[in-house]
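Next input, structure requested:
(one chain, ligands or ions: 1)
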Amino acid sequence: MTSQVRGPQLARLLGQWHALPGRRRSPDYAALAGAVRGLLADGRLPLGVRLPAERELAEALRISRTTVTAAYRQLRESGHLASRRGAGSWTMLPGTHRVASTGLWTPLDDRDMIDLGVAALAAPPELLPAARAAAEDLPRYLSGAGYHPTGIIELREAVAHAYTGRGLPTSPDQIMVTNGTQHALDLVLRLALAPGGSVLVEAPSYPNALAALAARRARITTHGLAVEEPGWDADLLLAGLRQARPKLAYLIPDFQNPTGHLMPASLRERVVAAAHAVGTDLVVDESFVDLPLDGTVLPPPTASFDRHSRVITIGGMSKPFWGGLRIGWVRASAPQVQRLAATRVGVDMASPVLDQLVAVHLLAEAPAIVAARRAQLTVQRDALLAALAQRLPEWRVTVPHGGVTLWAELDGPISSALARAAEEVGVRLAPGPRFGLDGTLERFLRLPFTLPAADLAEAVGRIAAVRYDLDRGGRSRWREAAVIA
Ligand SMILES: Cc1ncc(COP(=O)(O)O)c(C=O)c1O
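Next up, the predicted model:
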């Protein structure tokens with residue numbers, strides 16, 4: 001799976017590499033190598049990609065070839081690049097790092113890191129009793145082979161029941177259980193999008209969804225979200241659908257990741273109608289639908305406006321319950337579910353029975369568990385907002401009334417530089433450009449409020465310290481770099 005990045009493409013990704021905040025007095029070749037390491041570290045430049053030949057990159061950046069040669073040499077020495085004479089240079093992961101759950105790199109020993117790259121809560125106390133109860137249930141399944149491509153009936157019933165309770169009548173044969181929402185998206189894309197097919201997504205959007213689309217080599221058009229609520233511009237979104245007529249649109253209407261926006265009912269209805277009119281399938285990601293805060297009343301589910309099986313809904317247990325459970329689902333028409341099941345047989349065949357039983361037990365207690373999650377998230381969000389207001393008052397944030405993330409507009413195009421500097425002081429950040437496609441969004445940063453309030457306050461303090469260091473060009477002394485860039 002080798003792919004290649006061309007000179008102009010890498011130049012675009014590198015952006016203002018020579019004038020990054022906090023660059024200090026390093027020579028050009030070191031700044032260039034540092035910027036490439038930054039792109040690798042935050043996932044914008046994948047592993048195993050062939051970089052442009054030295055001459056090609058020099059031309060694209062309008063710098064001397066010697067500078068590129070020296071930068072590539074430094075990248076080879078630090079373990080970020082492998083070169084073979086006559087064949088080219090490929091990006092690689094240095095032996096001192098591994099790929100973390102976010103897809104970002106992390107040093108092998110990162111135990112002290114406050115990780116704001118991941119937007120997910122630790123497991124609730126009810127998980128262990130649910131797992132024990134599930135083990136007790138297991139004998140009921142042991143006489144069969146254990147492969148259930150659409151999921152065990154008890155779980156499909158529980159998930160269908162929850163949709164029906166939200167005002168969207170659903171039968172168990174409209175549900176397919178998957179190994180998480182991300183897996184649900186991957187299966188839906190395999191079924192509904194031919195390689196190279198056209199897709200409309202929000203910008204910013206969930207990076208792993210963008211990665212799944214990239215794996216299908218999707219041709220992507222974007223709908224830009226505003227920082228202010230509600231985020232979506234109704235006329236622009238509908239015009240975008242009508243003009244691009246994409247095969248598929250991937251939307252996160254319920255507390256969008258990363259912005260936290262909630263799509264109003266009227267727009268849901270209009271989007272579904274427009275999608276039907278132009279022949280677009282809508283994939284609606286409901287990952288955060290269980291997590292409204294501040295008494296926010298949810299609009300009807302997007303699929304409730306669907307009369308033509310245009311909407312495929314995906315969701316799962318990761319955000320309200322626990323990501324480690326790896327339980328998600330697809331809600332679609334019964335024939336679509338059967339087609340997905342047929343697709344799945346060539347992928348992973350079925351989800352683990354034991355984990356599905358754990359999910360059944362958790363869903364039986366969902367109201368109490370989810371209420372506690374919302375209370376916890378409210379406290380943590382407020383702690384994060386208070387710390388930001390105190391330490392970084394120039395940043396602009398819209399208070400999210402649900403979900404687990406807020407999207408901050410920074411006081412300059414510094415997101416990647418800030419993420420690199422924060423890593424040095426033990427805070428992992430996912431910089432804005434990770435949530436887009438073209439290296440823009442440098443003015444933005446996603447901050448999840450899934451960690452305890454004290455950690456969030458500590459993290460904001462450290463971020464504020466390195467933020468001001470970026471301007472001063474000084475160097476933080478928190479700890480020596482275990483960093484990539
Ligand atoms: C919008 C969105 N979709 C999907 C996922 C992945 O969820 P899962 O752990 O269920 O695969 C996430 C996780 O952050 C998400 O934010």
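
interface residues of the stretch 1-150 of the chain facing the ligand?
Contact residues, the stretch 1-150 of the chain versus the ligand (C-beta under 6 Å from any ligand atom): residue 119. To be clear about C-beta, it is placed using only N, CA and C from the backbone, and glycine gets the same treatment.

need the strands for the stretch 1-150 of the chain, in chain order.
Using DSSP state E, counting those that start in this stretch, the strands assigned to the stretch 1-150 of the chain run over residues 3-4, 49-50, 81-84, 88-91, 97-99, 105-107, 114-115.

for the closest residue to the ligand within the chain, what are its contacts?
The nearest approach of the chain to the ligand comes at residue 180, 2.8 Å away (C-beta to the nearest ligand atom). By C-beta atoms under 8 Å, 6 or more residues apart in numbering, residue 180 lies in contact with 316, 318, 323, 326-328.

What residues does the stretch 301-450 of the chain have near the ligand?
Counting by C-beta under 6 Å from any ligand atom, the stretch 301-450 of the chain sits next to the ligand at 316, 318, 323, 328.

How many residues are close by the second one?
To tie it back to what came earlier, the one meant is residue 318. Using other C-beta atoms under 10 Å, residue 318 is surrounded by 21 other residues.

My read is that it contacts residue 119, right?
No - using C-beta atoms under 8 Å, residue 318 makes no contact with residue 119, being 9.7 Å away.

Export stretch 127-134 to PDB, keeping only CA atoms.
Coordinates of the C-alpha atoms in stretch 127-134 are reproduced here as PDB (Å, rounded to 0.1, in the frame of the first residue of the first chain):
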ATOM      1  CA  LEU A 127     -18.900  -2.200  33.700                       C
ATOM      2  CA  LEU A 128     -17.400  -4.900  35.900                       C
ATOM      3  CA  PRO A 129     -20.700  -6.200  37.300                       C
ATOM      4  CA  ALA A 130     -22.100  -6.200  33.800                       C
ATOM      5  CA  ALA A 131     -19.200  -8.200  32.600                       C
ATOM      6  CA  ARG A 132     -19.700 -10.800  35.400                       C
ATOM      7  CA  ALA A 133     -23.400 -11.000  34.600                       C
ATOM      8  CA  ALA A 134     -22.600 -11.500  30.900                       C
END
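
related to what we said a few turns ago, now, which of the contacts of residue 180 lie within strands?
Applying DSSP state E to those, the entries found in strands are 316, 328.

most neighbours, which of the contacts of residue 180?
residue 327 (29 neighbours).

picking up where we left off before, could you find the closest non-adjacent residue to the residue of the chain closest to the ligand?
Using C-beta to C-beta, 6 or more residues apart in numbering and skipping the chain neighbours, the partner closest in space to residue 180 is residue 328 (4.3 Å).

Quick one: residues contacting that neighbour.
With contact taken as C-beta under 8 Å, 6+ apart, residue 328 is in contact with 177-184, 314-318.

hmm, 10 Å instead?
By C-beta atoms under 10 Å, 6 or more residues apart in numbering, the residues touching residue 328 are 159, 176-185, 187, 285, 287, 314-318, 351, 359.

tell me the pLDDT at it?
Looking at residue 328, its pLDDT reads 98.

repeat for the one 5 residues further on
We note a pLDDT of 97 for residue 333 in this prediction.

gap between residue 13 and residue 41?
Counting by C-beta to C-beta, to the nearest Å, the gap from residue 13 to residue 41 is 13 Å.

ok, the two, which is more surrounded?
residue 41 (23 against 18).

So that one is in contact with residue 97, correct?
Yes - between residue 41 and residue 97 a contact is recorded at 8.4 Å, counting by C-beta atoms under 10 Å.

Chain neighbours aside, what residue packs nearest to residue 197?
residue 247 is the one closest to residue 197 (C-beta to C-beta, 6+ apart), at 4.4 Å.

Return the residues in contact with that neighbour.
Residue 247 makes contact with 192-194, 196-200, 218-219, 279-281 under the criterion C-beta under 10 Å, 6+ apart.

CSV for those residues, including pLDDT and neighbour count?
Formatted as CSV, those follow (pLDDT from 0 to 100; neighbours: other C-beta atoms under 10 Å):
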residue, pLDDT, neighbour count
192, 95, 20
193, 96, 22
194, 95, 12
196, 93, 10
197, 96, 16
198, 97, 17
199, 97, 25
200, 97, 24
218, 95, 24
219, 95, 13
279, 96, 10
280, 97, 23
281, 97, 22
